[in-house]
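> what follows is a predicted protein model with its sequence.
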Amino acid sequence: MKSNSILYTYPHPSTFILRDIEILSSSFKVTAYEFDVRKKYLTPYRFIAQFIYLLFHLHRFDTLICHFAGYASFLPALFGKVFGKPCFIIVAGNDGSKFPDFKYGNYSRKLLGYFTGTSLQLCTHILPVHESLVYQEYDYYEGGKPSQGYASFFPKAGKVPYTPVYYGYDAGLFKPDETVQRKCNSFITVSNLGDPYALKRKGSDLIIEFARLRPDLQFTIVGWDGEKKIEVPGNVTLLRFMNAGDLVKTLSAHEYYFQLSIMEGFPNALAEAMLCGCIPIGSNVSGIPFIIGDTGYILKKRDLNELNTLVSHALEDSRREGLPELARSRVELNFTYSARLEMFKKVIAQYH
């Protein structure tokens, strides 16, 4: 494969996006381009600025990569198609989802859904972080039935070649902190309690409801802004967002990790918790069962009674003592930075 210059477009500088840029920069010359979508009224101006940038700078790049399909990916995909530049789009969650009842997923909004699906249809090759984002039969939550995935909502995009490229994680950073005492019968999750939609999508509302049912257990939710008033029982602790070092300590102090999301792609927090020795309990959604494998437990339906039964089984399981090491090993061995980079290189090489 010849040396490539990559234009990497993204809508916001999340940790996993910055990590991707760093990973790719070890083998390619990467130019990062932010198409900020957080202020909706500025979107038309973002399009104009991106159009001008591509018009004058496209010739400098051999490859175009977009993290997330949506407004930010439309012009790169179009320019790539017109000028013969391979364009890859990483589908990572909301760009393969539709949950109109709580306004999650690009396809819940008509215009955004059009730009998302058309971007995928125009691009050269799609790189979902898990194959379920292409298509999956869905019955975990009533509002998502009967299927999810971009091919379900924009069938023409389903005809574009795709290759799953899983996220990778730093097992040297995320590891059990031996100076911390792990609390028995303790459960933790990381969410964004300041976002009313995320509260439900991440399953934090279900966890709070479950905590009321089980006062004998202890629960922690990381992701509170310290201001939003959230009614929780006495056995629930709300913590602010924290840096990676503090998060490692906090995860290491808990026995189980909840990932009870209504929708996810390939949740980073779940994998990081497993690296820290937390036993995973996740919903039957997208990449969650794949990440967990046989090292934890899967909730088949978003139902309080089913969750209680599942947790009771987890607490009584004879495998309990050995699962933390199995969970860490699964992530450490299967989801690495090097594996993600090699998959990027392999797919890109097909078009050069």
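On my side now, so go ahead. Numbering: from 1, shown residues only.
> spell out, range by range, the strands that occur in the stretch 101-250 of the chain.
Remark: strands assigned in the stretch 101-250 of the chain by DSSP state E, counting those that start in this stretch are 125-126, 136-137, 147-148, 183-190, 218-224, 236-240.
> out of those strands, flag the one nearest residue 44.
strand 125-126 (26.4 Å; C-beta to C-beta). C-beta here means a position set from N, CA and C on the backbone, and glycine is covered the same way.
> show me the helices in the chain, by range?
15-25, 43-57, 71-83, 110-122, 150-153, 196-201, 204-213, 244-252, 268-275, 288-292, 304-316, 323-334, 337-349 (DSSP state H).
> show the average pLDDT along the second one.
Translated: helix 43-57. For helix 43-57, mean pLDDT is 97.
> how far is it from where the chain is centred?
27 Å (C-alpha atoms, centre = their mean, to the nearest Å).
> for residue 63, which of the helices of the chain is the nearest?
helix 337-349 (5.8 Å).
> any regions of this protein where pLDDT drops low?
1-3 (pLDDT under 70).
> repeat that for 90
1-4, 37-40, 102-103, 192-199, 224-230, 352 (pLDDT under 90).
> and it, what are its domains?
5-168+336-349, 183-334 (automatic domain parsing).
> go through these and name the closest to residue 177.
domain 183-334 (4.0 Å).
> buried deepest among the helices of the chain, which one?
Mean neighbours per residue, mean count of other C-beta atoms under 10 Å, is largest over the helices of the chain for helix 268-275, with a mean of 26.
> was I right about residue 232 contacting residue 209?
No. Taking contacts as C-beta atoms under 8 Å, residue 232 lies outside contact range of residue 209: 10.2 Å.
> on that earlier part again, may I see the domains of the chain arranged in a markdown table, with distance to residue 177 as well?
A markdown table is the format used below for these (distance: least, C-beta to C-beta, whole Å):
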| stretch | distance to residue 177 |
| --- | --- |
| domain 5-168+336-349 | 20 |
| domain 183-334 | 4 |
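> looking at these, which is nearest to residue 174?
domain 183-334 (3.8 Å).
> show me how far the closest one is from its chain's centre.
15 Å.
> next one: stretch 70-87
23 Å.
> what lies in contact with it?
With contact meaning C-beta atoms under 8 Å, 6 or more residues apart in numbering, stretch 70-87 is reached by 7, 9-11, 35, 37, 43, 46-47, 50-51, 54, 58, 61-66, 89, 95, 106, 112, 115-116, 118-120, 122-125, 348, 351-352.
> only alpha carbons, please: show that stretch as CSV.
This file holds the C-alpha atoms of stretch 70-87, laid out as CSV (Å, rounded to 0.1, in the frame of the first residue of the first chain):
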residue,chain,number,x,y,z
GLY,A,70,-24.8,12.6,8.9
TYR,A,71,-24.4,16.3,7.9
ALA,A,72,-20.7,16.2,8.3
SER,A,73,-20.2,13.2,6.0
PHE,A,74,-22.4,14.3,3.1
LEU,A,75,-20.0,16.5,1.2
PRO,A,76,-16.9,14.3,1.7
ALA,A,77,-18.9,11.3,0.3
LEU,A,78,-20.2,13.4,-2.6
PHE,A,79,-16.8,14.9,-3.5
GLY,A,80,-15.3,11.4,-3.1
LYS,A,81,-17.8,10.0,-5.6
VAL,A,82,-17.4,12.8,-8.1
PHE,A,83,-13.6,13.0,-8.0
GLY,A,84,-12.7,9.4,-7.5
LYS,A,85,-11.4,9.6,-4.0
PRO,A,86,-12.2,6.6,-1.7
CYS,A,87,-14.4,7.7,1.1
